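# I need the structure of the sequence given here:
(2 chains)
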Amino acid sequence: MLGALTPAEIEALMLSLKVASVAVIGALPPAIAVAFLLARGRFAGRALLDSLVHLPLVLPPVVMGYLLLVILGTKAPLGAWLNETLGIRFAFSWTGAALAAGIISFPFQVRAIRLSIEAIDPGLAEAAETLGAGPFDRFLNITLPLALPGIVAGAITAFAASLGEFGAIITFVSNIPGETRTLPLAIYTAIQSPGGEAAAARLAALAIALAVAGLLLAEIAARRVRRLSGR
Amino acid sequence: MTLSATINHRFPGFRLEMDFEVSGTGLTALFGPSGSGKTTCINAISGLLRPDQGRIVINDRPVFDRAEGLNLPARRRRVGHVFQDARLFPHLTVARNLDFGARRSSNPPSAAERARVIEMLGIGHLLERRPATLSGGERQRVALGRALLTKPQLLLLDEPMAALDQARKAEILPHLERLRDEARIPIVFVSHALDDVARLADDIVVVNDGRAVATGPVDEVLSRTDLLGLTGQSEPMSVITAEILRHDVEGGLSELGFNGGKLWVARVDGAQGDAVRLRIAARDVMLALEPPQGISATNQIAGRVAEIRSGPGPYCDIRLICGGSALLARITRRSAERLGLGPGREVIAVIKSVSVNRRAGQGPALNRPAG
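This next block holds a predicted model:
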């Protein structure tokens, strides 16, 4: 199937997979931390944090891309500082696309992980405490393994959402071939160019195949993890 | 070894004001109705709940002292805690559950100690299984082993049999008896089931409405008629410690002696001189003014009426003193009047049924005298 694709199309596919992987892996640690806080924490501002996490779900992606541009663009103070002192540049780079995708798919990860943490009997952590486990020990050896089904489910959903992200990416990092032109952007570009219908159809078929594979993978992973965690 | 606890804690609509002491290596029951504050008390001792006020000392080592701002975290208290719902870690095998505490201990059990605990609880064949595949009784035995392998100074059992059906309960009771006799640490056992308490406990703390209303040896406390409203509303019973005098192998009987008389019961496992515990339901004790003749019941104990107290419905509860032991009888008020019973009256107690279990932890046996 890959043989039918042009080098540019393969480039878009690989870039998409890279952007989505980095987005999901990068967002995972903060997603676990926020999910744990929301599931078990009792603190002022919890409701605010909850709404903030869900903001990318309700905000138009274009607005999210615009906000990122305003905050992290090369001329914006934070963006310029990151670029000059740390050499990290998000604007017009694939890392910016990963950042945008990571933020957009963040709520999916947090929701899935939070639900699975809430489903864990808090009594297990108490039992671990009477057996000599401190707070971090309990988190690492009880909460985290038992939340694994949610972590896997969240990661797969977020990966799919990242693969499909269009608005935030094109607004924040533009549509640069080989750098920020992911699969959806390549489909959009093909549709816009004269005689690009065949290319658009091929890319769309590829996107559908990826989505189906993702769903199958999610189901297999969920089953395996459930067996591992003894549920 | 001692535990002394003063615990004051306030919940909305409930107030706990417990003050009690446990000493020795035996099993002390915290007995009381549901909602009387037993579990709160246990959680405060193990460190899962921080009381508003109070002081908890385990083996001369304070673990909580509000006045001095001391509140040792649960993981440093060296208290084993077994929960009603076992709380095994579902993602770990039985072996890894058992070793969870040991891996975090500065003084882990030796391989021999570990093997002994596993043997005592009969869980050797379960080690590679996951908790989800265990029965309720097996789970509780693993939970007991997990707590024991932390080498605790004190073991807390929070209604470990409340969630089990009769069959599972019968499966775990002998293990608890063995634990009590072999573990050499004080055990605090929370229960609202009088029969379990009468069978297992050496001492009892009767809890009602957040307070310890009576503390003492189980035979003494259970025979106190003023507590019957709490201890034996439905089934008052006497607990008597006895020893095996001899066996009648042909007749399938054993003779037991206690401070107050002798009883024949169906054959009990054990050697001459072994201690056994008798539980005699007050309903199974008939009273006669003179030794009855031509009656099937062989067990007749002479005693003196110490106290008569009105019971539920048509019944009254009578406390007899037989030698050095107390025996409760529940008869109708009409019968008591007919016999003219009153304090000081000499009577013969005819015992219809005795439950015996060996102090050293043998299986249960309901022994009906052959008569």
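# now for A:Arg42, how many residues are close by?
6 (other C-beta atoms under 10 Å in any protein chain shown). From N, CA and C alone the C-beta is placed, and that goes for glycine too.
# who's in contact with it?
Residues in contact with A:Arg42 (C-beta atoms under 8 Å, 6 or more residues apart in numbering or on different chains): none are found.
# enumerate the residues of the stretch 51-200 of chain B near chain A.
Counting by C-beta under 8 Å from any C-beta of the partner chain, the stretch 51-200 of chain B comes close to chain A at B:73-75, B:77, B:79-81, B:83, B:85, B:87, B:89-92, B:100-101, B:104-105, B:130-132, B:146-147, B:150.
# for the top helix by length along chain A, buried residues please.
Counting residues, the longest helix found in chain A (DSSP state H) is helix A:7-40. Going by neighbour count (16 or more other C-beta atoms under 10 Å in any protein chain shown), the buried part of helix A:7-40 is A:9, A:11-13, A:15-17, A:19-24, A:26-28, A:31-32, A:34-39.
# can you check stretch B:184-195 too?
Within stretch B:184-195, judged by 16+ other C-beta under 10 Å, the buried ones are B:185-192, B:194.
# for that stretch, how far is the first residue from the last?
23 Å (C-alpha to C-alpha, to the nearest Å).
# chain center to it: distance?
5 Å (C-alpha atoms, centre = their mean, to the nearest Å).
# what do you get for stretch A:81-99?
For stretch A:81-99, the distance to the chain centre is 18 Å (C-alpha atoms, centre = their mean).
# likewise for stretch B:266-283?
Counting by C-alpha atoms, centre = their mean, stretch B:266-283 comes out at 16 Å from the chain centroid.
# ends of it, what's the gap?
Start-to-end, stretch B:266-283 (C-alpha to C-alpha) is 20 Å.
# over to stretch A:128-137?
Terminal-residue distance, stretch A:128-137 (C-alpha to C-alpha): 9 Å.
# for that stretch, buried residues please.
In stretch A:128-137, counting by 16+ other C-beta under 10 Å, buried: A:128-133.
# inside strands: which ones of these?
Under the assignment DSSP state E, the buried residues of stretch A:128-137 contribute nothing to strands.
# adding pLDDT, write these out as TSV.
As requested, these are exported to TSV (pLDDT from 0 to 100):
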residue	pLDDT
A:Ala128	96
A:Glu129	95
A:Thr130	95
A:Leu131	96
A:Gly132	94
A:Ala133	94
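# which parts of chain A sit against chain B?
A:121, A:123-124, A:126-134, A:137, A:142, A:145-146, A:228-231.
# in contact with residue 62: list those residues for me.
You didn't pick a chain, so chain A it is. A:167-168, A:171.
# oops, chain B please
B:55-56, B:68, B:70.
# how about A:Thr95?
A:22, A:88-89.
# between those residues, which is nearest B:Gln300?
A:Val22 (88.2 Å; C-beta to C-beta).
# list the contacts of the residue lying closest to that closest one once chain neighbours are set aside.
Once flanking residues are discounted, A:Val22 sits nearest to A:Ala98: 4.1 Å by C-beta to C-beta, 6 or more residues apart in numbering or on different chains. Shown in contact with A:Ala98 (C-beta under 8 Å, 6+ apart): A:18-20, A:22-23, A:26, A:162.
# in which helix or strand does A:Ala98 reside?
helix A:94-118 (DSSP states H and E).
# quick check: mean pLDDT of that helix?
Across helix A:94-118, pLDDT averages out at 94.
# report the distance from that helix to the chain centre.
With C-alpha atoms, centre = their mean, you get 4 Å for helix A:94-118.
# in chain B, what spans have low per-residue confidence?
By pLDDT under 70, the weakly predicted segments of chain B are B:231-234, B:358-371.
# tell me what the longest helix seen in chain B is packed against?
As assigned by DSSP H, the longest helix anywhere in chain B is helix B:166-182. Contacts defined by 3 or more C-beta pairs under 8 Å, 6 or more residues apart in numbering or on different chains; DSSP states H and E place helix B:166-182 against helix B:111-121, helix B:136-148, strand B:187-191, helix B:194-200.
# export those to JSON lines and tack on distance to A:Val62?
Shown next, in JSON lines, are these (distance: least, C-beta to C-beta, whole Å):
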{"stretch": "helix B:111-121", "distance to A:Val62": "63"}
{"stretch": "helix B:136-148", "distance to A:Val62": "54"}
{"stretch": "strand B:187-191", "distance to A:Val62": "61"}
{"stretch": "helix B:194-200", "distance to A:Val62": "68"}
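# figure out which of these is closest to B:Thr40.
Of the helices and strands packed on helix B:166-182, the one closest to B:Thr40 (C-beta to C-beta) turns out to be strand B:187-191, at 10.3 Å.
# can you give the strand pairings for the closest one, parallel or anti for each?
Here strand B:187-191 is paired, per DSSP bridges, with strand B:27-31 (parallel), strand B:154-158 (parallel).
# just say which of those strands is most tucked in.
strand B:27-31 (a mean of 27; mean count of other C-beta atoms under 10 Å in any protein chain shown).
# from B:Gly26, how far off is B:Asp60?
Separation of B:Asp60 from B:Gly26 (C-beta to C-beta, to the nearest Å) stands at 19 Å.
# more crowded one of the two?
Set B:Asp60 next to B:Gly26 and count neighbours by other C-beta under 10 Å: B:Gly26 wins out with 17 against 8.
# any idea how far the more buried one lies from B:Gly273?
From B:Gly26 to B:Gly273 the distance is 20 Å (C-beta to C-beta).
# and if you look at A:Ala161?
77 Å.
# alpha carbons of stretch A:104-124, as PDB, please.
What follows is stretch A:104-124, C-alpha atoms only, in PDB (Å, rounded to 0.1, in the frame of the first residue of the first chain):
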ATOM      1  CA  ILE A 104      -5.600  19.600  22.000                       C
ATOM      2  CA  SER A 105      -5.600  15.900  23.000                       C
ATOM      3  CA  PHE A 106      -4.700  16.600  26.600                       C
ATOM      4  CA  PRO A 107      -8.300  16.400  27.900                       C
ATOM      5  CA  PHE A 108      -8.800  12.900  26.300                       C
ATOM      6  CA  GLN A 109      -5.800  11.600  28.300                       C
ATOM      7  CA  VAL A 110      -6.800  13.300  31.600                       C
ATOM      8  CA  ARG A 111     -10.400  12.000  31.400                       C
ATOM      9  CA  ALA A 112      -9.500   8.400  30.700                       C
ATOM     10  CA  ILE A 113      -6.800   8.300  33.400                       C
ATOM     11  CA  ARG A 114      -9.000  10.100  35.900                       C
ATOM     12  CA  LEU A 115     -11.900   7.700  35.500                       C
ATOM     13  CA  SER A 116      -9.700   4.700  36.000                       C
ATOM     14  CA  ILE A 117      -8.100   6.300  39.100                       C
ATOM     15  CA  GLU A 118     -11.500   7.000  40.500                       C
ATOM     16  CA  ALA A 119     -12.500   3.400  40.000                       C
ATOM     17  CA  ILE A 120      -9.600   2.200  42.300                       C
ATOM     18  CA  ASP A 121     -10.700   1.400  45.800                       C
ATOM     19  CA  PRO A 122      -9.000   4.000  48.000                       C
ATOM     20  CA  GLY A 123      -8.800   1.300  50.600                       C
ATOM     21  CA  LEU A 124      -6.000  -0.400  48.700                       C
END
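# any idea of the angle the helix holding A:Ala98 forms with helix A:7-40?
40 degrees (axes from the mean of the first three to the mean of the last three C-alpha atoms, to 10 degrees).
# quick one: secondary structure of B:Ser106?
coil (DSSP: H, G, I helix; E, B strand; the rest coil).
# quick revisit: let me have the buried residues of stretch A:128-137 in a markdown table, extended by distance to A:Leu57.
What follows is the buried residues of stretch A:128-137, written out as a markdown table (distance: C-beta to C-beta, whole Å):
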| residue | distance to A:Leu57 |
| --- | --- |
| A:Ala128 | 34 |
| A:Glu129 | 36 |
| A:Thr130 | 40 |
| A:Leu131 | 40 |
| A:Gly132 | 41 |
| A:Ala133 | 35 |
